[in-house]
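Visitor: build me a model from this:
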Amino acid sequence: MTEKEVRLFGSWASAFSLRVEWALKLKGIEYEFVNEDIPFNKSEELLRLNPVTKKIPVLVHNSKPLPESLVIIEYIDDTWTEGYLIMPKDPYEMAQARFWAKFAEDKCIPATFGVFLKEGEAQQKMLQEAREAFKTLEQALGSKNFFGGDQIGYLDLAIGWYAFWIPIYEEIESVSIVDNKNAPLLKAWFSKILDVDMIKTSLPPRDKVYEFSKHLQPHWRNASPLK
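Guide: As a prediction, this is how the structure comes out:
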């Protein structure tokens, strides 16, 4: 398979396309990154490639498009089987990784965005939900350095952006979502994963993400954040 036939439609400020970039880099796959101007100026090519949800990221491999970041990560691991293994080999551990990724998608992400997008009592309700969700997520980490064990794996890629984006949302809203009191293991993992070279060298400039998030906050309050 020709690596040059890999294109990723994403956005410089998207945590969801960043997930896919991490997977591609772990596998050593060369790819072309197509930056989409979301949420207002999506290209016609993106809409053609993903007519169902019209969202990023979309991976195009050998002219075949594939949307949804977590689906793409598994596709990458299944397609390029040489080298770094993203998914666990053991079927039970693989199922566990998928379970916790789904938990994070269903519980942690909506609550986190809720804290960022809501105000007053509604925000406080979402803040409590977020703290409870992240405390539960710690169960998947336990005493390990990473969710993947001694090295980052599927779940680390799925939620690694939390370590970068959540502190930004906390600063904007002057709240504490993940801290040493309610989720000390997860807070420590934040530091560990941001210290991984491949992770930290792939992150967008923090000040730009801060300003981008602040700028789009009013829009996002009336529309779901894009994946």
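Visitor: got the contact list for the top helix by length along the chain?
Guide: In terms of residue count, the longest helix belonging to the chain (DSSP state H) is helix 120-141. Applying CB atoms under 8 Å, 6 or more residues apart in numbering, the external contacts of helix 120-141 come out as 96, 100, 103-104, 107-108, 111-112, 114-115, 118, 147, 155, 159, 173, 175, 177-178, 182-183, 185-186, 189. Placement of C-beta: from N, CA and C, glycine included.
Visitor: helices of this protein, start to end?
Guide: Under DSSP H, the chain gives helices at 15-27, 44-49, 69-79, 91-103, 109-117, 120-141, 154-159, 162-173, 184-194, 197-200, 206-220.
Visitor: okay, now the closest residue to residue 62 other than its chain neighbours: neighbour count?
Guide: With sequence-adjacent residues excluded and distances taken as CB to CB, 6 or more residues apart in numbering, residue 62 is closest to residue 5, at 5.1 Å. Residue 5 has 14 neighbours, counted by other CB atoms under 10 Å.
Visitor: just checking, residue 5 touches residue 64?
Guide: No - under the criterion of CB atoms under 8 Å, residue 5 is not in contact with residue 64, lying 9.5 Å apart.
Visitor: so which bits of stretch 132-140 are buried?
Guide: The neighbour-count check on stretch 132-140 (16 or more other CB atoms under 10 Å) flags 133, 134, 137, 138, 140 as buried.
Visitor: with distance to residue 20 and pLDDT as extra columns, can I get those residues in TSV?
Guide: Compiled in TSV, these are given as follows (distance: CB to CB, whole Å; pLDDT from 0 to 100):
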residue	distance to residue 20	pLDDT
133	24	98
134	23	98
137	21	98
138	25	96
140	21	96
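Visitor: and the residues you listed, which two are furthest apart?
Guide: Largest separation among the buried residues of stretch 132-140 by CB to CB: 133 and 140, giving 11.9 Å.
Visitor: ok, residue 29 - how many residues close by?
Guide: Around residue 29 there are 18 other residues, counting by other CB under 10 Å.
Visitor: ok, now residue 39?
Guide: Neighbour count of residue 39, defined by other CB under 10 Å: 16.
Visitor: was I right to think it contacts residue 219?
Guide: Yes - contact criterion CB under 8 Å: residue 39 and residue 219 qualify, at 6.8 Å.
Visitor: show me where pLDDT drops low in the protein?
Guide: Across the chain, the ranges flagged by pLDDT under 70 are 1-4, 224-227.
Visitor: can you rerun that using 50?
Guide: Confidence mapping of the chain against pLDDT under 50 gives the ranges 1-2, 225-227.
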